[in-house]
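1. Let's see this in three dimensions:
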Amino acid sequence: VLLLESGGGLVQAGGSLRLSCAASGRTFSSLAMGWFRQAPGKEREFVAAINRGGTLKYYTDSVKGQFTISRDNAKNTVDLQMNSLKPEDTAVYYCAATGRVGGLSRAPTYDYWGQGTQVTVSS
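-> Coordinates of the predicted model:
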């Protein structure tokens, strides 16, 4: 499975960005998808995940009500809409995919990872 993220960039605090991840190489609807991020000097952390059918969504507490994950199984994409961005949201954001159904907040659950896209929020 190949994952390609896009949509990162530089934005002022309070602004919005929409990240997108395009998947190829396997039936997309057989994959649960997740977004993780890694800030400089910090460990990679879970941000959001969505199940195969898009009916279940999971978020880390710090982004609930701020970020929204969605997927389009017809287009083989998963998006992360990020609103009201804060400087502490600055990180490299990674898209990840797994054939498993549980443990979607844990990085070891995922078998496939994208290269990452940089999100920088200025104050």
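2. what sits against the closest residue to Gly25 other than its chain neighbours?
-> Leaving aside its sequence neighbours, Gly25 sits nearest to Val1 (CB to CB, 6 or more residues apart in numbering; 4.4 Å). For glycine as for every other residue, the C-beta is placed from the backbone atoms N, C-alpha and C. Applying CB atoms under 8 Å, 6 or more residues apart in numbering to Val1 gives the contacts 23-26, 31, 97, 111-112.
3. Out of the residues you listed, who's the most crowded?
-> Ranked by the number of neighbours (other CB atoms under 10 Å), those place Leu31 first, at 27 neighbours.
4. Make sure it is actually in contact with Asn51.
-> No - applying CB atoms under 8 Å as the test, Leu31 and Asn51 come out as separate, 9.6 Å apart.
5. thinking again about what came up before, report the two of the contacts of Val1 separated the most.
-> Of all pairs drawn from those, the widest gap by CB to CB lies between Ser24 and Asp111 and measures 14.6 Å.
6. Could you pull out the buried residues of stretch 110-119?
-> 110, 112-114, 116-117, 119 (16 or more other CB atoms under 10 Å).
7. Can you give me the distance of Glu5 to Gly25?
-> Taking CB to CB, to the nearest Å as the measure, Glu5 falls 15 Å from Gly25.
8. Same check on Pro40?
-> The spacing between Pro40 and Gly25, counted by CB to CB, is 31 Å.
9. Identify the bridge partners of Ala23.
-> Here Ala23 sits in beta bridges with Leu3, as judged by DSSP bridges.
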